[in-house]
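In: Output the structure for:
(2 chains)
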2 protein chains.
Amino acid sequence: MNAPLREPQQDRSRATRERLLASTVDLLATRGWAATTVAKVAEEAGVSRGAAQHHFPTREALFTAVIEQMYDDMTEDVGHSLESIPSGPGRIAAVVEQAVSIYTGTSFKAALQVWAAAASDPALADVIRPLEAKMGRAAHAFVVSGLDPDGTRPQAYRLAQITLDLARGFGLADTLTDDSRRRAGVQAAWVEQLTAALD
Amino acid sequence: MNAPLREPQQDRSRATRERLLASTVDLLATRGWAATTVAKVAEEAGVSRGAAQHHFPTREALFTAVIEQMYDDMTEDVGHSLESIPSGPGRIAAVVEQAVSIYTGTSFKAALQVWAAAASDPALADVIRPLEAKMGRAAHAFVVSGLDPDGTRPQAYRLAQITLDLARGFGLADTLTDDSRRRAGVQAAWVEQLTAALD
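Out: Okay, the predicted model is just below:
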């Protein structure tokens, strides 16, 4: 009759793992790649170094797990987003807002650190590429459905690509300064463009 | 009568400095921030460590110089670009192509490494921010003049911003994979949009 005891232990273990992964994302986004070590992550998460090393014996194991989770989260967020998109006249603006939010949050800032590191680390780049492609496809499918719910506007395919490349550019502009004010104007201009192009 | 002797020495010194800076950009773009040390740069440039340290006593001195030169080069390139823009029907496509080329070259890949490092280094961010702003203004002025040579289309202001944010997004997508094929289609769609919006 170990089950009742084992259950909360598994829960605790899962909670510890999740805390470690969340601290890794935060550290990556705010302190950068080099500063994000297993020891530092453990400290931030309030977990002993031994427990952290039990979950992630190496820095590579931690990074692989966090990258997978980061992309899974972003992919899942995008999947859920369609439900919250209004169907009325605000639809296009809401879709663009969701697309932009993918690239301006903490996950993106963490992903940018991983990207920069992967530019000179072929093994890391190999890990990221398929996750990146999967996330990109999910984001594109979401924007296309948002812009063209009836499937009657073939131009939505390219317009969705422009929207996502633009959102990625916004994300990069937001890394060194709070770019939200300038961005709001550019984003509104793009929503206007989109509305005209989909008409 | 030291002048004839001193002249070539100054030339040599300037050439050495330029070789060191060029090697720094290449190393940043291909090997990343952490791997770009003064010693490695000297080796790549074929310059003795002593000579490298004479020009750049610290890594900070080297990085400040290379960042300034990188942004100066990008700003200057953008300034010269208008001369090569055709005035006929290919003008808009040529302006967009120039804007995209700013963000898809080696300088941008090097700049991305500096950006990622600056996200967790406030002193470095302070160095980059004004250079980045100056470059951004030059790029925007170039795209506006290219899209609206007669100054009769007020919408060119926002359309130029969208063009540059989009170009920055293209640049980021190009860091882990050669994205040129996908990009060509999206870029052509954007030129089409721009042409309609400026009409």
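
In: Could you look up the SS state of residue A:86?
Out: At residue A:86 the chain is in coil, as set by DSSP: H, G, I helix; E, B strand; the rest coil.

In: Setting aside sequence neighbours, what's the nearest residue to it?
Out: residue A:94 (5.8 Å; Cβ to Cβ, 6 or more residues apart in numbering or on different chains). Every residue, glycine included, has its C-beta placed from N, CA and C.

In: does the one you found belong to a helix or a strand, and which?
Out: Taking DSSP states H and E as the criterion, residue A:94 maps to helix A:91-104.

In: how close does residue A:13 get to residue B:42?
Out: Here residue A:13 is placed at a distance of 50 Å from residue B:42 (Cβ to Cβ, to the nearest Å).

In: neighbour-wise, which of these two wins?
Out: A direct count of neighbours by other Cβ atoms under 10 Å in any protein chain shown for residue A:13 and residue B:42 places residue B:42 higher, at 23 against 13.

In: ok, now which ones touch the residue nearest to the more buried one when sequence neighbours are not counted?
Out: Of all residues not flanking residue B:42 in the chain, residue B:52 sits nearest, at 3.6 Å (Cβ to Cβ, 6+ apart). When contacts are counted by Cβ atoms under 8 Å, 6 or more residues apart in numbering or on different chains, residue B:52 touches B:20, B:38-39, B:41-42, B:45.

In: Please pick the buried ones from the residues you listed.
Out: Buried members of the contacts of residue B:52, scored by 16 or more other Cβ atoms under 10 Å in any protein chain shown, are B:20, B:38, B:41-42, B:45.

In: Quick check: pLDDT value at the most centrally placed residue in chain A.
Out: Centroid check for chain A by Cα atoms, centre = their mean gives residue A:74 as the closest residue, at 3.9 Å. You'll see residue A:74 listed with a pLDDT of 78.

In: Also residue A:197?
Out: pLDDT recorded at residue A:197 is 95.

In: Need the three-state assignment for residue A:153.
Out: Assignment for residue A:153 (three-state DSSP): coil.

In: so who does the spatially closest residue to it that is not a sequence neighbour touch?
Out: Leaving out its chain neighbours, the residue that sits closest to residue A:153 by Cβ to Cβ, 6+ apart is residue A:198, at 5.6 Å. With contact taken as Cβ under 8 Å, 6+ apart, residue A:198 is in contact with A:92, A:147-148, A:153, A:155-156, A:159.

In: State the helix or strand in which the residue nearest to residue B:42 lies.
Out: Following DSSP H and E, one finds residue B:52 within helix B:49-55.

In: what does the average pLDDT come to for that helix?
Out: Computed over helix B:49-55, the average pLDDT equals 93.

In: Can you point out the buried residues in that helix?
Out: B:51-53, B:55.

In: would CSV of the residues you listed with distance to residue B:99 be doable?
Out: Converted to CSV, those look like this (distance: Cβ to Cβ, whole Å):
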residue, distance to residue B:99
B:51, 38
B:52, 35
B:53, 39
B:55, 33
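
In: Nearest to residue B:84, out of these: which one, please.
Out: residue B:55 (33.3 Å; Cβ to Cβ).

In: C-terminal to the top helix by length along chain A, what's the next element?
Out: Longest helix of chain A, by residue count under DSSP state H: helix A:3-31. Per DSSP H and E, the first helix or strand lying C-terminal to helix A:3-31 is helix A:38-45.
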